[in-house]
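Student: Coordinates only, no sequence provided:
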């Protein structure tokens, strides 16, 4: 089991992967990817019980993760590759013609680790609930995790799913909202304010936890606590505060790096702030 | 022609409900989801016999499609049930991303398709659903013609791996089909030499009626039931068309994007010839009884006869 320091080193390498992938094709979404890196590293390298190879689409008796905000695909691909789903060298094909690493995650090209397409927002919670229901039918005690952007909560389907999970006591799911307060056109407060997220999810009947998504120790502790909340007739959600662009100073705290790639100079600056710990792809 | 008769009328949605009930008994992986229309979709018996495999999602169709897609992960075969409008137009993006593009084994089962939904009017009478669904890569699109064929189709799609759109309707219509249903395999109901009539759904019975009228007029019509609009049975269609040299298509759907469109594409690429279309011509429906609507919008035997007479003159 990796130590906190080891997990942080993985995060540093994943962040390098993200900025390098996005820079190489001058497209993609670095801001949210960098912000959620620590959470996804914690999940795949510490919290989840999963078998990268051979990849099993059905994931029976494995914990399953759904990325609903599919635009942070560079992070997802890096974590999948670094945890053994496919060769890290393939990260160099991100967003290029004939790649399995499409702009947004898809099962269509057979990339190991992806179980459903995402990108059109607001759908992943429904998908995660469906898999959680199947796990219950199969008497499979493993867990379903999902990640959502906060801007994504403006989609109505999210609240259809929230209502369903509470009404039907889907208590084998741990959802997580990346509350970075930013979306494409500005801050969520400017564009479409989300109000009190904790109160909203509680009102919808969910068990709500909160954490700082850029502090590895806190993430591990909170995810373990969330697991202890399962099986109690309520779905569980974590409101995760993150900093968009975390780890690269000039990308932090602004929506401007939501979907913009760094230029050569900016890449060099970014890489200078991120230690190469596992070897670049 | 071979005489097709019927002793009873039944709604095609009951064929779906009864097929689903049998699937519930035979296949433990079949699960059913419904968006607050259990009675309308005839899903009550499945629910009664398999409460743990029935999922009431409320009036939230987008969530229903999303949950169904997620349920396939782990081996379930979800059948979703709501009206055709709410099964397609309302949830197009969910079907597109989570079902079709993701290649999930979801069966989208849609009742009250077309004008024969009747009095509820155009908000509920979708006439574009076949077009919407057939445009999605990998989607199988089936529109059976009577109770028997709908029941057979319901059972058949459980054994087909991949997304399926199954379309059926509300009113009681003649039960006359005893031929075996195979996905993608057209059924020749009458062999003829002067014109090929390709019909789907409720219009198949009308085509049979038209055939009898045409026979009295000395016109020999070949009647083919195209229950599967995608994948289309190219071989059967071309074989018949190349014999008769002219075509009439008939469907309770918009002409744009329907069965006729699919056949026209096939014919124009392989063997161009005159085609006439019986279908709804770029307009919304309205309130009325099913019979009144089918007459007003020219979706009946008389309309098929008129189309045949027109297309034969164009040969």
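Tutor: Nice, I can see it. All of these numbers come straight from a predicted model, not from anything done at the bench.
Student: Nearest residue to residue A:125 in space, ignoring adjacent ones along the chain?
Tutor: If you skip the residues right next to it in sequence, residue A:125 has residue A:161 as its closest partner in space, 4.0 Å away by Cβ to Cβ, 6 or more residues apart in numbering or on different chains. C-beta: built from backbone N, CA, C; applies to glycine.
Student: hmm, who's touching the strand or helix carrying the one you found?
Tutor: Using DSSP states H and E, residue A:161 sits within helix A:156-167. The list of residues contacting helix A:156-167 from outside it, by Cβ atoms under 8 Å, 6 or more residues apart in numbering or on different chains, reads A:122-123, A:125-126, A:129, A:132, A:148, A:152, A:170, A:173, A:201, A:204-206, A:234-235, B:57-58, B:60, B:62-63, B:66-67, B:94.
Student: From the residues you listed, list just the buried residues.
Tutor: When burial is judged by neighbour count using 16 or more other Cβ atoms under 10 Å in any protein chain shown, the buried members of those are A:122-123, A:125-126, A:129, A:132, A:148, A:152, A:170, A:173, A:201, A:204, A:206, A:234-235, B:57, B:60, B:62-63, B:66-67, B:94.
Student: Show me these that map onto helices.
Tutor: A:125-126, A:129, A:132, A:201, B:62-63, B:66-67, B:94 (DSSP state H).
Student: Any chance of those residues in TSV with pLDDT and distance to residue B:200 as columns?
Tutor: As requested, these are arranged in TSV below (pLDDT from 0 to 100; distance: Cβ to Cβ, whole Å):
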residue	pLDDT	distance to residue B:200
A:125	98	37
A:126	98	31
A:129	99	35
A:132	98	38
A:201	98	46
B:62	98	28
B:63	98	30
B:66	98	29
B:67	98	30
B:94	98	25
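Student: Now tabulate those residues in a markdown table and tack on distance to residue B:39.
Tutor: Formatted as a markdown table, the entries for those read as follows, by distance: Cβ to Cβ, whole Å:
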| residue | distance to residue B:39 |
| --- | --- |
| A:125 | 28 |
| A:126 | 24 |
| A:129 | 25 |
| A:132 | 28 |
| A:201 | 33 |
| B:62 | 22 |
| B:63 | 20 |
| B:66 | 24 |
| B:67 | 21 |
| B:94 | 24 |
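Student: Can you tell me which of those residues is nearest residue A:266?
Tutor: The closest of those to residue A:266 turns out to be residue A:125 (Cβ to Cβ; 34.2 Å).
Student: Distance of the nearest residue to residue A:248 once chain neighbours are set aside relative to chain B?
Tutor: In this structure, residue A:248 finds its nearest non-sequential neighbour in residue A:270, 4.4 Å apart by Cβ to Cβ, 6+ apart. Between residue A:270 and chain B the distance is 31 Å, computed by Cβ to the nearest Cβ, to the nearest Å.
Student: Residue A:270 touches residue A:262, doesn't it?
Tutor: Yes - under the criterion of Cβ atoms under 8 Å, residue A:270 lies in contact with residue A:262, with a separation of 5.9 Å.
Student: more neighbours, these two?
Tutor: The residue with more neighbours, out of residue A:270 and residue A:262 and counting by other Cβ atoms under 10 Å in any protein chain shown, is residue A:270; that gives 25 against 21.
Student: quick one: what helix or strand has the more buried one in it?
Tutor: Applying DSSP H and E, one finds residue A:270 within helix A:264-272.
Student: That helix packs against which elements?
Tutor: helix A:4-25 (3 or more Cβ pairs under 8 Å, 6 or more residues apart in numbering or on different chains; DSSP states H and E).
Student: quick revisit: now for residue A:270 and residue A:262: what residues contact both?
Tutor: Contact criterion Cβ under 8 Å, 6+ apart; residues shared by residue A:270 and residue A:262: A:19, A:251.
Student: that older thread, direction-wise, compare the helix holding residue A:270 with helix A:4-25 and give the angle.
Tutor: Per axes from the mean of the first three to the mean of the last three Cα atoms, to 10 degrees, the angle that helix A:264-272 makes with helix A:4-25 is 170 degrees.
Student: before we move on, back to that, report the contact partners of the residue nearest to residue A:248.
Tutor: Under the criterion of Cβ under 8 Å, 6+ apart, the contact list for residue A:270 reads A:19, A:248, A:250-251, A:262.
Student: Residue B:31 too?
Tutor: Residues in contact with residue B:31 (Cβ under 8 Å, 6+ apart) are A:137, B:53-55, B:71, B:76-79.
Student: Tell me the one of the residues you listed nearest residue B:8?
Tutor: In terms of Cβ to Cβ, no member of those lies closer to residue B:8 than residue B:79, at 25.4 Å.
Student: so which helix or strand takes in the closest one?
Tutor: When elements are assigned from DSSP H and E, residue B:79 belongs to strand B:77-83.
Student: How far does that strand sit from its chain's centre?
Tutor: 15 Å (Cα atoms, centre = their mean, to the nearest Å).
Student: Quick check: which helices or strands does that strand pack against?
Tutor: Packed against strand B:77-83, as judged by 3+ Cβ pairs under 8 Å, 6+ apart, are the following elements: helix B:12-26, strand B:30-34, helix B:61-71, strand B:107-111, helix B:147-158.
Student: List the buried residues of it.
Tutor: B:77-83.
Student: partners of that strand in the sheet?
Tutor: Strand B:77-83 has the following sheet partners, assigned by DSSP bridges: strand B:30-34 (parallel), strand B:107-111 (parallel).
Student: how about the first one: buried residues?
Tutor: It stands for strand B:30-34. Buried residues in strand B:30-34, counting neighbours by 16+ other Cβ under 10 Å, are found at B:30-34.
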